[in-house]
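> sequence below, structure please.
(2 chains)
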Amino acid sequence: MVTVWQNIDKYDPEKGRLFTWLLKLTRNAAINKTRSKIFKSQAKNDDINNYVNYLEEKSSLQPDINKIGLRKQVHLLKDDFKNVIELSYYHGFTQEEIAKALNIPLGTVKTRLRNALIELRKQFV
Amino acid sequence: MNIKEYIASGIIETYVMGLCTKEEEQELESLRSAHPELNDAIILYETELEKKMLQNQSMPSSSVDDSILRMIDNFGTPVLLVQKQSSTKTLKWMKIAVAASIILFVISAGLNLTLYNKTSQLKKQVSELNSTPTLPAADYEIMTNPTITPVAMYGVGIHSICRCTMYWDKKTGKAYIMIHHLIRSTESQNYQLWAMVDGKPVSVGIINDEIRGRFITMENVPASATAFSVTLEKAGGNLTPTMSQEYLHGSI
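Okay, the predicted model is just below:
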């Protein structure tokens, strides 16, 4: 909320709805927070490759808090789609980083991410 | 680029979620202003997403509210300032828009006036052209007939200002006269046309000098005529010309 207060002048109504902007801002703040938390608890820089393992072990033991709302829908997607959304949206990795980590071409990451989001959108209704 | 395919490619979803690359973002934003359907599709997805997200909203406890408000208080009120700026910005744009429309209106009014004047001028010219008498077909034929010889007749003595043209077909003897400039005769007088045949004047008829700018058909002229002259005679004409009243003369 405070971040919103401080950054409201950066909101451009022509670029999107206020909600979308709030969503991006919140997500960025959340990712920053998560990363610093993980950094603190593990006391070292986390490599993205660890996240792949992290995803795998978490998928069965995911706490319920992650299964509400949109994230619940994400987990209903097939693994390929779920992983790209998890890594990019919830963990904030770039498409290049994901390509490297999953050892697939950047183009595939791009297509997979787009298709994953289209698939996700179908579940909105 | 097919914009429909572009919209369906998933780029909008990636963009709204904030997951596309800088290049993709720039491309989409530049396409967005040119394609209203792309803009509509973006807004549609944003709205759907918003609706979906709000279905699962949960209210934070009131203590969260308090702590946020306390923190904001410490920052002062930058938002009010920002809002003011953005509203003056809008106002400025409005002013520019109003000024631009006024300028455009004035230019348009000016152009309308000019065009209106031009149109009425053209209308006047057209009606003038329509009312200008053109030579009747019969007269035009006489004028362009190669066997007809035009004979210019000039004013004599004090009548030097007068002008007529004789058109004479030497083969058929047909003769026509066109008055260009001649003082109108009174009711008691008539102009009479004479042809000099073998040194003697022969009457070729009375000229109806009411007719101006057109051919007046005269009596036939003998082929041996050498000159023409016009004299002013008593009404109905004379048997011999009154040479003191000779107005026009033309040699063949």
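
> give me the distance from stretch B:143-163 to the chain's centre.
41 Å (CA atoms, centre = their mean, to the nearest Å).

> what are the buried residues along that stretch?
Residues B:148, B:151, B:153, B:155-156, B:159, B:162-163 are the ones in stretch B:143-163 that count as buried (16 or more other CB atoms under 10 Å in any protein chain shown). C-betas here are computed from N, CA, C, even on glycine.

> next, the residue in the stretch 51-200 of chain B that chain A sits nearest to: phi, psi?
The minimum distance from the stretch 51-200 of chain B to chain A, using CB to the nearest CB, falls at B:Asn56 (3.5 Å). Dihedral angles of B:Asn56 (phi, psi; degrees, to the nearest 10) stand at phi -110, psi 20.

> let me know the pLDDT of it.
With respect to pLDDT, B:Asn56 has a value of 70.

> same check on A:Ser59?
A:Ser59 carries a pLDDT score of 49 in this model.

> ok, B:Ile206 next?
For B:Ile206, pLDDT reads 93.

> quick check: closest non-adjacent residue to B:Asn220.
The shortest distance from B:Asn220 to any non-neighbouring residue, by CB to CB, 6 or more residues apart in numbering or on different chains, is to B:Gly173 (3.7 Å).

> three-state assignment of the one you found?
Under the three-state scheme (DSSP: H, G, I helix; E, B strand; the rest coil), B:Gly173 adopts coil.

> quickly check the buried residues of stretch B:143-163 for the two that are furthest apart.
Largest separation among the buried residues of stretch B:143-163 by CB to CB: B:Ile148 and B:His159, giving 25.7 Å.

> sorry, back to before: can you tell me which of the buried residues of stretch B:143-163 are in strands?
Secondary structure from DSSP state E places B:148, B:151, B:153, B:155, B:163 of the buried residues of stretch B:143-163 in strands.

> apart from its chain neighbours, what residue comes closest to the third one?
The spatial neighbour of B:Met153 that comes closest, neighbours along the chain excluded (CB to CB, 6+ apart), is B:Gly250 at 3.5 Å.

> and what of the fourth one?
Beyond its immediate neighbours in the sequence, the residue positioned closest to B:Gly155 (CB to CB, 6+ apart) is B:Cys162, lying 3.7 Å away.

> next one: phi and psi at that neighbour?
Torsion angles, degrees, to the nearest 10, at B:Cys162: phi -70, psi 150.

> tell me who's in contact with it.
B:154-155, B:181-183, B:247-248 (CB atoms under 8 Å, 6 or more residues apart in numbering or on different chains).

> where's the residue of chain A found nearest chain B, which helix or strand?
Nearest residue of chain A to chain B (CB to the nearest CB) works out as A:Arg114 at 2.8 Å. Per DSSP states H and E: A:Arg114 is located in helix A:106-122.

> who touches that helix?
Counting by CB under 8 Å, 6+ apart, A:70, A:73-74, A:77, A:80-82, A:84-85, A:88, A:95-96, A:98-99, A:102, A:104, B:9-11, B:13-14, B:17, B:19, B:45, B:48 sit against helix A:106-122.

> buried among the residues you listed? Make that a ChimeraX selection.
Here is the ChimeraX selection string for the buried members of the contacts of helix A:106-122, based on 16+ other CB under 10 Å:
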select /A:70,73,74,77,81,82,84,85,88,95,98,99,102 /B:9,10,11,13,14,17,19,45
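
> low-confidence ranges, chain B, go.
B:75-88, B:132-133 (pLDDT under 70).

> look up the closest residue to the residue of chain B found nearest chain A, ignoring the ones flanking it.
Of all residues in chain B, B:Gly10 sits closest to chain A, at 2.8 Å by CB to the nearest CB. Among residues not flanking B:Gly10 along the chain, A:Arg114 sits closest, at 2.8 Å (CB to CB, 6+ apart).

> could I get the pLDDT score of that neighbour?
We have a pLDDT of 92 for A:Arg114.

> for it, give its distance to B:Met53.
Plainly put, A:Arg114 is 20 Å away from B:Met53 if you go by CB to CB, to the nearest Å.

> so which of the two has more stuff around it?
For A:Arg114 versus B:Met53, neighbours defined as other CB atoms under 10 Å in any protein chain shown are more numerous around A:Arg114 (21 against 16).

> immediately after the helix or strand hosting B:Val64, which helix or strand?
Using DSSP H and E, the element containing B:Val64 is helix B:62-75. Next helix or strand after helix B:62-75 toward the C-terminus (DSSP H and E): helix B:78-131.

> the helix or strand following that following helix to strand B:148-155, inter-axis angle?
Note on helix B:78-131: by DSSP H and E, the next helix or strand toward the C-terminus is helix B:137-144. Going by axes from the mean of the first three to the mean of the last three CA atoms, to 10 degrees, helix B:137-144 is angled at 90 degrees with respect to strand B:148-155.

> buried set for helix B:137-144?
Across helix B:137-144, burial judged by 16+ other CB under 10 Å covers B:139, B:142.

> need the helix or strand of chain A with the lowest average pLDDT.
The least trusted helix or strand in chain A, going by mean pLDDT, DSSP states H and E, turns out to be helix A:48-61, with a mean of 56.

> by contact count, what packs against the longest helix along chain A?
In chain A, with assignment by DSSP state H, the single longest helix is helix A:18-42. For helix A:18-42, the elements it packs on are helix A:2-7, helix B:36-55, judged by 3 or more CB pairs under 8 Å, 6 or more residues apart in numbering or on different chains; DSSP states H and E.
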